[in-house]
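S.K.: sequence isn't available, so here's the structure alone:
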Ligand SMILES: Nc1ncnc2c1ncn2[C@@H]1O[C@H](COP(=O)(O)OP(=O)(O)OP(=O)(O)O)[C@@H](O)[C@H]1O
């Protein structure tokens, strides 16, 4: 299969251990191009660790993955095709918002006129134009988040990894963020979206994966996850999430008890 036809993300047996802790365990999954993948899981489930492996920031202990058709072992091949919004966006307080975005565009080797156009349009979209020439140290949390989001998608990456993209955003900005994610997917980009805000996932995700204790314990489209296997009744995504993670929590407890 050529890189152009490959899934946006494919992992096989991806595993990360920190000493005794297995943060991600034998993760095998595929994400189709041009889709929004909602990556859910309780605190400590291994979501950030997975995203850090897929964005080449940390090396797996075992297993392999390809992102946009390129092996994550080959950092230089992968990074031009991805954007990442981590929990703490990498931005410099001493720069203005515009300078930060110009710097990010420079790192991506974007031609200056394309970069200027994209920066202007995203600043406008996120209602940040009037503050673009202020230093980031004077920004609110939400304004910093907007800069982080813009720099993650500025170069129109094939795959955008977004960790809690609506964090700190007011309702209008959160709406803009959701519209932006939908736009990216409409334009054949892939969004790997991790958030605890389940209605956002319910609205946007084509496919959802639930991680628990480092393992992928459920996967499917939102309707599938919401319908009860036994009765076929619909429930909210929150109910489904709580049930899935409770079942697996109980399973682990059961195994521990069995080992006693
Ligand atoms: N650098 C590290 N060193 C040691 N343990 C780590 C490290 N990073 C993560 N872990 C452990 O790996 C597990 C998974 O953590 P991770 O941050 O990936 O979870 P998460 O799903 O992103 O959680 P949250 O929703 O709270 O952000 C946790 O048990 C965590 O303590």
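M.R.: Nice, thanks for sending it over. Predicted model only: the values in this text are computed from it and were never measured. Numbering: from 1, shown residues only.
S.K.: quick one: name the residues of the stretch 1-150 of the chain near the ligand.
M.R.: By CB under 6 Å from any ligand atom, the part of the stretch 1-150 of the chain that sits against the ligand consists of 18, 21, 23, 41, 43-49. In short, each C-beta sits where N, CA and C put it, glycine included.
S.K.: will you turn the residues you listed into a markdown table that also has pLDDT and neighbour count?
M.R.: As requested, those are arranged in a markdown table below (pLDDT from 0 to 100; neighbours: other CB atoms under 10 Å):
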| residue | pLDDT | neighbour count |
| --- | --- | --- |
| 18 | 95 | 10 |
| 21 | 93 | 11 |
| 23 | 96 | 21 |
| 41 | 94 | 25 |
| 43 | 93 | 6 |
| 44 | 93 | 14 |
| 45 | 94 | 24 |
| 46 | 96 | 26 |
| 47 | 96 | 24 |
| 48 | 96 | 19 |
| 49 | 97 | 24 |
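S.K.: now the two most distant members of those residues.
M.R.: 18 and 41 (16.8 Å; CB to CB).
S.K.: how long is stretch 123-130 end to end?
M.R.: Separation of the first and last residues of stretch 123-130 by CA to CA, to the nearest Å is 9 Å.
S.K.: so can I have a markdown table of the residues of the stretch 1-150 of the chain next to the ligand showing secondary structure?
M.R.: Listed next are those as a markdown table, based on DSSP: H, G, I helix; E, B strand; the rest coil:
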| residue | secondary structure |
| --- | --- |
| 18 | strand |
| 21 | strand |
| 23 | strand |
| 41 | coil |
| 43 | coil |
| 44 | coil |
| 45 | coil |
| 46 | coil |
| 47 | helix |
| 48 | helix |
| 49 | helix |
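S.K.: so which of the residues you listed comes closest to residue 188?
M.R.: Set against residue 188, the nearest of those by CB to CB is residue 47 (24.5 Å).
S.K.: spit out the contact partners of the closest one.
M.R.: Going by CB atoms under 8 Å, 6 or more residues apart in numbering, residue 47 touches 39-41, 163, 194, 211.
S.K.: list of residues touching the helix or strand residue 162 falls within?
M.R.: Using DSSP states H and E, the element containing residue 162 is strand 159-163. With CB under 8 Å, 6+ apart as the test, strand 159-163 has contacts from 8-9, 47-48, 51, 54-55, 67-68, 81-87, 149, 152-153, 181, 184, 189-195.
S.K.: touching, residue 168 and residue 141? I think so.
M.R.: Yes - using CB atoms under 8 Å, residue 168 is in contact with residue 141, at 4.1 Å.
S.K.: those two: who's more crowded?
M.R.: residue 168 (16 against 10; other CB atoms under 10 Å).
S.K.: for the more buried one, what are phi and psi?
M.R.: Here is the backbone geometry of residue 168 (degrees, to the nearest 10): phi 80, psi 0.
S.K.: so what's it up against?
M.R.: Contacts of residue 168 (CB under 8 Å, 6+ apart): 140-142, 144-145.
S.K.: out of those residues, flag the one nearest to the ligand.
M.R.: Distance to the ligand, by CB to the nearest ligand atom, is smallest for residue 145 among the contacts of residue 168, at 15.6 Å.
S.K.: what sits closest to the closest one if chain neighbours are left out?
M.R.: Nearest non-adjacent residue to residue 145, counting by CB to CB, 6 or more residues apart in numbering: residue 168, 4.6 Å away.
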